[in-house]
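> Please work out how this folds:
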Amino acid sequence: MTTGMPYAGMHIAWEPAPGPLPVLRAVVSSAQLVELCRRVRDDGGQLVSLWGEAGREPGGAFVLCVILEAERHLLQLELPLSSKPPVYPDLSHVFPGAARLQRATGDLLGLQASGGDR
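As a prediction, this is how the structure comes out:
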């Protein structure tokens, strides 16, 4: 699946996610996450969901997971969080609906959006 990858110029290593849906998965940096969200929004795509996972990474670190709908794909972005406390970029300025999901992620796991409403 190297041809037709969305946002190829961003140098993101996409791989197909297991399952029947056309989902592409990638581990991204904070900068890539924000830039990709902006590009998806500008291209008419949308945020589908955002959540955090605990203990999946070595050492029990957190992962922020974001699903975007873009072009003909669902994009599953994973941002490993190593800081203490775990902080990730605020996405509510790109997708206003992210504010509630970010608040829930903070309430449930203690993950905080930098520049968020808390």
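> contacts, neighbours, all on C-alpha from now
Fine.
> Convert stretch 74-88 to PDB, retaining C-alpha atoms only.
Extracted C-alpha coordinates of stretch 74-88, given in PDB (Å, rounded to 0.1, in the frame of the first residue of the first chain):
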ATOM      1  CA  LEU A  74      -9.900   6.500   8.100                       C
ATOM      2  CA  LEU A  75      -6.500   7.500   9.600                       C
ATOM      3  CA  GLN A  76      -5.500   6.200  13.000                       C
ATOM      4  CA  LEU A  77      -2.800   8.400  14.500                       C
ATOM      5  CA  GLU A  78      -1.000   7.300  17.600                       C
ATOM      6  CA  LEU A  79       1.100   9.700  19.700                       C
ATOM      7  CA  PRO A  80       3.300   8.100  22.400                       C
ATOM      8  CA  LEU A  81       3.400  10.300  25.500                       C
ATOM      9  CA  SER A  82       6.500  10.200  27.600                       C
ATOM     10  CA  SER A  83       6.300  13.300  29.600                       C
ATOM     11  CA  LYS A  84       5.200  13.400  33.200                       C
ATOM     12  CA  PRO A  85       2.500  14.500  33.400                       C
ATOM     13  CA  PRO A  86       1.500  13.200  30.000                       C
ATOM     14  CA  VAL A  87       0.800  16.200  27.700                       C
ATOM     15  CA  TYR A  88      -0.200  16.400  24.100                       C
END
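> now it: how far from the chain's centre is it?
Offset of stretch 74-88 from its chain centre (C-alpha atoms, centre = their mean, to the nearest Å): 7 Å.
> got the contact list for that stretch?
In this structure, residues lying in contact with stretch 74-88 by C-alpha atoms under 8 Å, 6 or more residues apart in numbering are 22-30, 33, 57, 61-69, 110-114.
> who touches the residue lying closest to Arg38 once chain neighbours are set aside in this structure?
The shortest distance from Arg38 to any non-neighbouring residue, by C-alpha to C-alpha, 6 or more residues apart in numbering, is to Val94 (6.1 Å). By C-alpha under 8 Å, 6+ apart, Val94 lies in contact with 37-38, 41.
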